[in-house]
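Chemist: My questions are about this predicted structure, shown below with the sequence.
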Amino acid sequence: MLQIKRVYEEPSKEDGYRILVDRLWPRGISKERAQLDEWLKEVGPSNELRKWFHHEPEKFDVFKEKYADELGAGKAKEAFSHLQTLVAKHQNVTLVYGAKDTLDNQAVCLKEWLEK
């Protein structure tokens with residue numbers, strides 16, 4: 001099972017293998033509280049794309065396209081490939097993110113692409 005969850009929500013045993021998919025560490029969260037198994041910084045959107053998007057819902061479709069392009073090259077491509085391996089290896093995986101917007105964020109995109 002693949003799911004997404006905000007890092008500010010309480011971790012649970014049902015989360016399984018927890019992977020932070022943000023480039024930046026979430027504010028106000030200790031490593032102990034996050035209870036992560038892995039942090040894949042490189043799978044998160046670049047700083048430039050993140051700042052451009054600024055979690056504005058009207059930009060989400062373009063963000064998604066640009067983000068897909070980023071994941072197709074360099075370290076981001078390697079990180080996405082590693083993420084695919086982790087999802088195949090573990091029965092339950094939770095993609096953890098810090099964004100306030102639960103509908104328009106990189107974890108939503110990643111989950112969609114990983115389920116294809």
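Modeler: Looks like it came in fine. Predicted model, so just to flag it, every value in this text is computed and none were measured.
Chemist: In this structure, which residue is most central in space?
Modeler: Against the mean C-alpha coordinate of the chain, by C-alpha atoms, centre = their mean, the closest residue is residue 21 at 3.0 Å.
Chemist: quick one: furthest residue from the center of the chain?
Modeler: The outermost residue of the chain, judged against the average C-alpha position, is residue 58 (19.9 Å), by C-alpha atoms, centre = their mean.
Chemist: on that earlier part again, does the residue nearest to the centre of the chain touch residue 36 like I think?
Modeler: No: counting by C-beta atoms under 8 Å, residue 21 stays clear of residue 36, with 10.3 Å between them. Placement of C-beta: from N, CA and C, glycine included.
Chemist: Spit out the residues that contact those two alike.
Modeler: When contacts are counted by C-beta atoms under 8 Å, 6 or more residues apart in numbering, residue 21 and residue 36 have residue 96 as shared neighbours.
Chemist: what's the lengthiest helix in the chain packed up against?
Modeler: In terms of residue count, the longest helix belonging to the chain (DSSP state H) is helix 74-89. Applying 3 or more C-beta pairs under 8 Å, 6 or more residues apart in numbering; DSSP states H and E, one finds that helix 74-89 contacts strand 17-20, helix 106-115.
Chemist: From residue 9, how far out is the nearest residue to residue 14 once chain neighbours are set aside?
Modeler: The shortest distance from residue 14 to any residue that is not its chain neighbour, by C-beta to C-beta, 6 or more residues apart in numbering, is 6.8 Å, and that residue is residue 92. In this structure, residue 92 and residue 9 are separated by 15 Å, where distance is defined by C-beta to C-beta, to the nearest Å.
Chemist: Show me which of those two is the more surrounded one.
Modeler: Neighbours were tallied for residue 92 and for residue 9 using other C-beta atoms under 10 Å; the higher tally belongs to residue 92 (14 against 11).
Chemist: I am assuming the more buried one contacts residue 18, so please confirm or correct that.
Modeler: No: with contacts counted by C-beta under 8 Å, residue 92 stays clear of residue 18, the gap being 9.5 Å.
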